[in-house]
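1. output the structure for:
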Amino acid sequence: MTLPTITCKAAFGSPFSSAPTWTDISAYFRRASTSTGRNKVMRTMAQFQAGTATIALDNRGREFDPLNTASPYYPNITPETLIQIEATWSGVTYPIWTGYADEWPVSWPGFGVESEVQVKATDIFKQATVKKMLTTNYANAVMALSPWIYLPMDDPAGSEYALDQSGANYIPNAQAYGCTFGYKPGYSNVSDLSAVDLSPSGYLIAPQNPQIGGGSGWTFIMWMKTAMIPGAGGAAIASWNGGGDLLNSGLTLESSGILEGFIGGVGISASPVVNDGKWHMVGIQYSSAPEMVLIVDGNVYGAVGSAGVQFPGQMMIGMGKWSPSFVGQVAQVSAFNQFLTPTQIASLYAAATPFPQQTTGQRISAALSIMGVPSALQAIDTGETTLAAENQSLSTVRALEYIQQVEQSEQGQLFTGPDGVMNFYDRYHRFRYPNYSSQATFSDDGTGLPYTVGGFAPNINDQQLYNIIAVTRRGGTMQVASDQTSITDNGERTPTGGLTDLQYTNDTDSLGCAGWILADTATAKVELPKLILDPTGNDSLWPQVLARRVGDVITIKKTQIPGGGSPISIDCRIEGIKHTIGNLKWQTEWSLSTMGLQKWLIFDDPVLGFWDNGALFGW
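-> Residues are numbered from 1 along each chain as shown. Prediction:
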């Protein structure tokens, strides 16, 4: 009997590096049990669990005793140490498990010299469970640029003033006229702060003393939301009255829905439409060059000369002397005694909108990056679903909770591989060639690779039998897909809770998601829950035991059927992998799901976009 060569290594002191420094501790390895993936397919909830490992190490020399200052690894016997197990067979090395130590419990049985440490470890999912989706706070980003006016507009309902929170004391608090404080906007991810509603004719005035901006220039930025269509003269968003040629200065919303700025009577416009009922970061800046620039959603537009550089004395939000008043909501008004660079402006916008409208894969990659997961540890499909921009504070949301919600929105698969890489498969991934092709055949008659006695155990149950699926997106209407034939045969079966608060941009995606799940749950399916392999008795099993990954397809055949009958052949997908290694033994258990019979027709897909017999329209 020949076994693979086991390599066990630890990255002492560099757990989260994309290129960790490994220390080989194989000489101390005794045995291990590992798990990755999931035990069963649960279509209506977060699907994959954290992978775990227990690794027994020889500690007779106290190498892994955290109290032993003479240990070559002291003082790095710590939680979060990155550990990896590899197996080499026939000249090929395969990763078996990678994750982070939870604990190093020392065992000294009896009074002899025997000592062992059974390291408990969890894969990168653990980092997602303990970390929150902390994003850069917009207020902190503003304050980091030393504003000399900062009106967050988060004052409580009934306020008469918008309080300046810059700390610069250049202006008194802005007095409000006809405004509604405490408006809950849900704008980008500026935070959970409120906004001020200026509808139908409210405005704020902030006296300025003294005039600022005699150096490199100044920058004015605010957030606004409106759906108004102004007349030919536009509507004043903000204006300034400083006397002289600065009287005719400010920002207006033009009848075409674009932003226009004036300083000293000279105008400039920006092409993006900003009266679409969504929140936009808008602004204007002026330098001593002289140069005037408009700001829309983190981008700068134009560069024209104009008169003067000083910021006018009186600032008015929501009204002006030359055009009708603005109707809508405003928040986060700020002004800076400097000409901010394009990079600073883009960073400020990014602080408010960490997750713009993007695909599911882009969202997960961005979330993992916020967690500190390097790109080398990400294998992320782009995703087939576009998510709406995130508009809620995530400061109290666990990272795993958030990214698994994205996984549900895509109906994809999010899991950690044996190499420690976080994988995300979109919902078409498994239906694309070669991902649906069987990689090996296992049988009980010698025509395929052997599996253990009792390894073929079919089952059919109602655990995942649902014929009414409800899906609701954030801000949308519940969409329901149902199968009347299944309801007639099995009664109404609806999963508890359903899927809610998903981040789709439209209700069509909600209905598509419901239909996608229903196609797989409306009828009970025969399952083969697991397959157990003992490669120590047959060397031909080693390449399969070591190389197969979550998502791979295998074929299982049974010909020796008690009571007789035709041979059975079922294609299954590996959903979870467990290894038990040590004491000259190796056992591998695969958790399985049956492939099913449906064939999807996906328009514009090079593989799935062909009509076939029995094909279903895919979402």
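2. all contacts plus neighbour counts: C-alpha atoms, from now on.
-> Fine.
3. tell me the SS of residue 400?
-> When states are read from DSSP: H, G, I helix; E, B strand; the rest coil, the local structure at residue 400 comes out as helix.
4. and the residue nearest to it when sequence neighbours are not counted, how many neighbours?
-> Sequence neighbours aside, residue 128 is the residue nearest to residue 400 in space, at 4.6 Å (criterion: CA to CA, 6 or more residues apart in numbering). Residue 128 has 21 neighbours, counted by other CA atoms under 10 Å.
5. and the helix or strand hosting residue 128, which residues are buried?
-> Using DSSP states H and E, residue 128 sits in helix 125-130. For helix 125-130, a neighbour-count test (16 or more other CA atoms under 10 Å) marks 125-128 as buried.
6. which of those lies closest to residue 352?
-> The closest of the buried residues of helix 125-130 to residue 352 turns out to be residue 128 (CA to CA; 22.2 Å).
7. and the residue nearest to residue 319 when sequence neighbours are not counted, how many neighbours?
-> Once its chain neighbours are removed from consideration, residue 319 has its nearest residue in residue 325; the separation is 4.5 Å (CA to CA, 6+ apart). A total of 25 residues lie near residue 325 under the criterion other CA under 10 Å.
8. got the phi and psi for residue 325?
-> Backbone dihedrals for residue 325, given as degrees, to the nearest 10, come out at phi -70, psi 160.
9. shouldn't it be in contact with residue 201?
-> Yes: look at residue 325 against residue 201 with CA atoms under 8 Å: they come within range, at 6.3 Å.
10. what pLDDT, on average, does the helix or strand hosting residue 196 get?
-> Assigned by DSSP H and E, residue 196 falls within strand 195-197. Mean per-residue pLDDT for strand 195-197: 80.
11. output the contacting helices and strands for it.
-> Here strand 195-197 touches strand 180-183, strand 329-336, going by 3 or more CA pairs under 8 Å, 6 or more residues apart in numbering; DSSP states H and E.
12. any idea how far whichever helix in the chain runs longest is from the chain center?
-> Of all the segments assigned as helix in the chain under DSSP state H, the longest by residue count is helix 507-521. From the chain centre to the centre of helix 507-521 is a distance of 21 Å (CA atoms, centre = their mean, to the nearest Å).
13. hmm, back to that, so which elements touch the helix holding residue 128?
-> Packed on helix 125-130, when contacts are counted by 3+ CA pairs under 8 Å, 6+ apart, are helix 399-410.
14. contacts for stretch 431-448?
-> For stretch 431-448, contacts defined as CA atoms under 8 Å, 6 or more residues apart in numbering pick out 429-430, 449-451, 544, 551-560, 571, 600, 607-608.
15. which of those are buried?
-> With neighbours counted using 16+ other CA under 10 Å, these contain these buried positions: 429-430, 449-451, 544, 551-558, 571, 600, 608.
16. give me the subset of those that lies in helices.
-> Judged by DSSP H, the buried ones among the contacts of stretch 431-448 include residue 544 as members of helices.
17. ok, which stretches of the chain are helices?
-> Using DSSP H, the helices of the chain run over residues 125-130, 138-143, 342-352, 360-371, 399-410, 484-490, 507-521, 542-547.
18. what sits against the closest residue to residue 525 other than its chain neighbours?
-> In space, and not counting its chain neighbours, residue 525 is closest to residue 460: 5.9 Å by CA to CA, 6+ apart. By CA under 8 Å, 6+ apart, residue 460 lies in contact with 524-527.
19. in the stretch 451-600 of the chain, where is pLDDT below threshold?
-> Residue ranges of the stretch 451-600 of the chain with pLDDT under 70: 453-454, 497-498, 596-600.
20. in strands, which of the contacts of stretch 431-448 fall?
-> Cross-referencing these against strands under DSSP state E gives 553-558, 571, 600.
21. these: which two are farthest apart?
-> Farthest apart among the ones in strands among the contacts of stretch 431-448 by CA to CA are 558 and 600. That separation is 28.3 Å.
22. and the residue positioned nearest the centre of the chain, how far from residue 18?
-> Of all residues in the chain, the one closest to the mean position by CA atoms, centre = their mean is residue 364, 3.0 Å from it. With distances taken as CA to CA, to the nearest Å, residue 364 is found 18 Å from residue 18.
23. just to revisit the earlier point, in its sheet, which strands sit next to the strand holding residue 196, and in what direction?
-> According to DSSP bridges, strand 195-197 forms sheet pairs with strand 180-183 (antiparallel), strand 329-336 (antiparallel).
24. lowest average pLDDT across those strands?
-> In terms of mean pLDDT, the lowest-scoring of the strands paired with strand 195-197 is strand 180-183 (a mean of 71).
25. give me the common contacts of residue 325 and residue 201.
-> Contact with both residue 325 and residue 201 is made by residues residue 318, according to CA under 8 Å, 6+ apart.
26. if I look at the residue nearest to the centre of the chain, how far off is residue 92?
-> Remark: distance between residue 364 and residue 92 (CA to CA) = 32 Å.
27. below-threshold pLDDT in the stretch 301-450 of the chain: ranges please.
-> By pLDDT under 70, the low-scoring segments of the stretch 301-450 of the chain are 304-313, 320-323, 353-354, 391-396.
28. pLDDT wise, what is residue 51 at?
-> The model's pLDDT for residue 51 equals 94.
29. just the one 4 residues further on next, same as before
-> pLDDT, residue 55: 98.
30. what of residue 215?
-> For residue 215, the pLDDT comes out at 60.
31. my guess is residue 71 meets residue 64, correct?
-> Yes: if you go by CA under 8 Å, residue 71 and residue 64 touch, sitting 7.2 Å apart.
32. just give me the neighbour total for residue 31.
-> Using other CA under 10 Å, residue 31 has 19 other residues around it.
33. again with residue 507
-> Using other CA under 10 Å, residue 507 is surrounded by 18 other residues.
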